[in-house]
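In: predicted structure and sequence below. I'll ask about it afterward.
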Amino acid sequence: MKAIRIGFGYDVHAFANERELWLGGIKIKHTVGLLGHSDADVLIHALCDALLGAANLRDIGYHFPDTSKIFKNIDSKILLRDTMKLIRDKGYEFGNADCTVCAEEPKLNPHIPLMQVCLSEVMAVDLDSISIKATTSERMGFVGRKEGIAAYASVLIFKQ
Ligand code: MG
């Protein structure tokens, strides 16, 4: 019997001037970017936390602390690749992920297919196993006021 485990992740980053906008491993043209110690890819961070949670391996800040110079402005795809190694080293294989990005702007739907390709390649998993959804916050709250972007991710992992 397979041991199936669920994980959940959440992250948020604030918009800032003179920053690039990286989401789902790709750079998106926009008037502002996200502020963070790394490239602030909020979707990848939520996904990493979901993967780590599923394997009971703490959280992204535990493994990749934002006080460390090593991770300053780091490409979050490296963190995702290393997170996949952590869960595989513990004997788990990836099942699927379902992610939601909440942003008032920019419009993310046109970018989702490329994000799926990018993430599935970094994780070395099937393209069809990565679902990414985009929604707004209907102009309510910090997302609605365009102060930043929030992301949520659920994943399944399993042991044969
Ligand atoms: Mg983060």
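Out: Ah, there it is. Quick caveat: nothing in here was measured; it's all calculated off a predicted structure.
In: the longest strand along the chain pairs with which strands?
Out: Taking DSSP state E as the criterion, the chain has its longest strand at strand 3-16. Applying DSSP bridges, strand 3-16 is found paired with strand 33-34 (antiparallel), strand 148-159 (antiparallel).
In: how far does the first one sit from its chain's centre?
Out: Offset of strand 33-34 from its chain centre (CA atoms, centre = their mean, to the nearest Å): 14 Å.
In: list the helices and strands the helix or strand that the longest strand of the chain is followed by packs on?
Out: As assigned by DSSP states H and E, the chain's next helix or strand after strand 3-16 is strand 21-23. Contact partners of strand 21-23 among helices and strands, from 3 or more CB pairs under 8 Å, 6 or more residues apart in numbering; DSSP states H and E: strand 26-28, strand 33-34. (Each C-beta comes from the backbone N, C-alpha and C, glycine too.)
In: can you rerun that using 7 Å?
Out: Contact partners of strand 21-23 among helices and strands, from 3 or more CB pairs under 7 Å, 6 or more residues apart in numbering; DSSP states H and E: none.
In: that strand and the ion in contact?
Out: No - Strand 21-23 lies apart from the ion when judged by CB under 5 Å from the ion; the minimum separation is 11.1 Å.
In: off-centre distance for that strand?
Out: 10 Å.
In: give me the residues contacting that strand.
Out: Strand 21-23 has contacts (CB atoms under 7 Å, 6 or more residues apart in numbering) with 27-28, 30, 33-34, 39-43, 76, 101, 108, 115.
In: show me which positions of it end up buried.
Out: Leu21, Trp22, Leu23 (16 or more other CB atoms under 10 Å).
In: quickly list what the last one is bridged to.
Out: When bridges are assigned using DSSP bridges, the partners listed for Leu23 are Ile26.
In: how close does Ile157 get to the ion?
Out: 21 Å (CB to the ion, to the nearest Å).
In: in this structure that residue contacts Phe94, no?
Out: Yes - between Ile157 and Phe94 there is a contact under CB atoms under 7 Å: 5.7 Å.
In: start and end of stretch 54-67, how far apart?
Out: One end of stretch 54-67 sits 25 Å from the other (CA to CA, to the nearest Å).
In: near the ion at all, the longest strand of the chain?
Out: Yes - applying CB under 5 Å from the ion, one finds strand 3-16 in contact with the ion at Asp11.
In: likewise for stretch 27-47?
Out: Yes - among the residues of stretch 27-47, His45 lie within reach of the ion under CB under 5 Å from the ion.
In: swap in stretch 68-79?
Out: No - Stretch 68-79 does not reach the ion (CB under 5 Å from the ion); its nearest approach is 8.1 Å.
In: alright, that wraps it up for me.
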